[in-house]
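Trainee: structural data only, the sequence is not supplied:
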Ligand SMILES: [Zn+2]
């Protein structure tokens with residue numbers, strides 16, 4: 001592939017913490033690209049739009065409707081629906097559905113509001129179901145997890 005041609009069409013933008021994803025502010029023409037120094041990226045399984053950096057991953061131990069789901073601090077290239085109250089395993093929350101902005105697949109949900117103090121840490125964070133994600137470039141985080149585990 002001709003990298004220079006490829007790079008010239010990429011619109012790069014740093015992803016700031018607590019920026020709540022979404023390319024809404026960028027308009028529909030541009031996909032959001034994560035910084036190139038971020039090598040460990042999760043992408044949409046269906047259209048390969050970038051979704052999140054591994055650095056933004058908070059927890060892998062969430063349960064979605066289709067199995068395992070990951071909690072991210074921030075994601076990109078998504079749109080959210082209007083929030084509504086739902087009773088989840090961990091109590092009442094106000095959540096919004098999260099869709100891929102490129103292929104419109106329902107990917108997960110966003111915690112807009114948690115009513116119990118023990119769940120407040122999830123507010124403004126995103127759940128993406130594992131079944132909708134691939135690791136860009138086939139990177140492997142198993143070794144990373146193990147080293148983190150061994151440190152404790
Ligand atoms: Zn997609």
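Mentor: Okay, I see it. Being a predicted model, the structure only gives us computed values, none of them experimental. Numbers count the residues shown, from 1 in each chain.
Trainee: show me what contacts the residue nearest to the spatial centre of the chain?
Mentor: Centrality entry for the chain: nearest residue to the mean C-alpha point is residue 75, 3.7 Å, by C-alpha atoms, centre = their mean. Going by C-beta atoms under 8 Å, 6 or more residues apart in numbering, residue 75 touches 21, 51-52, 56, 98, 126, 128. In this view, the C-beta of every residue, glycine as well, is placed from N, C-alpha and C.
Trainee: got it, and residue 126?
Mentor: Going by C-beta under 8 Å, 6+ apart, residue 126 touches 21, 52, 71-75, 78, 98, 108-111.
Trainee: strands - which of those residues land there?
Mentor: 52, 71-72, 78, 98, 108-111 (DSSP state E).
Trainee: of those, which is the nearest to the ion?
Mentor: residue 78 (9.0 Å; C-beta to the ion).
Trainee: the closest one: how many residues sit nearby?
Mentor: Look at residue 78: counted by other C-beta atoms under 10 Å, it has 27 neighbours.
Trainee: my guess is it contacts residue 102. True?
Mentor: No. Counting by C-beta atoms under 8 Å, residue 78 sits too far from residue 102 to count as a contact (9.2 Å).
Trainee: and stretch 55-75, which residues are buried?
Mentor: 56-58, 62, 64, 69-75 (16 or more other C-beta atoms under 10 Å).
Trainee: helices and strands of this structure: which one bottoms out on pLDDT?
Mentor: The weakest-scoring helix or strand in the chain, judged by mean pLDDT, DSSP states H and E, is helix 3-8 (a mean of 37).
Trainee: show the pLDDT at the residue nearest to residue 131 when sequence neighbours are not counted.
Mentor: Once flanking residues are discounted, residue 131 sits nearest to residue 66: 4.6 Å by C-beta to C-beta, 6 or more residues apart in numbering. For residue 66, the pLDDT comes out at 91.
Trainee: what about the strands in the protein?
Mentor: Here the chain has its strands, by DSSP E, at 41-44, 50-53, 57-64, 67-72, 78-80, 84-88, 91-100, 106-114, 126-129, 133-135.
Trainee: from the contact counts, what lies against the fifth one?
Mentor: Right, the one you point to is strand 78-80. If you count contacts as 3 or more C-beta pairs under 8 Å, 6 or more residues apart in numbering; DSSP states H and E, strand 78-80 packs onto strand 91-100.
Trainee: is the ion contacted by the strand it packs on?
Mentor: Yes. Using C-beta under 5 Å from the ion, strand 91-100 comes into contact with the ion via residue 100.
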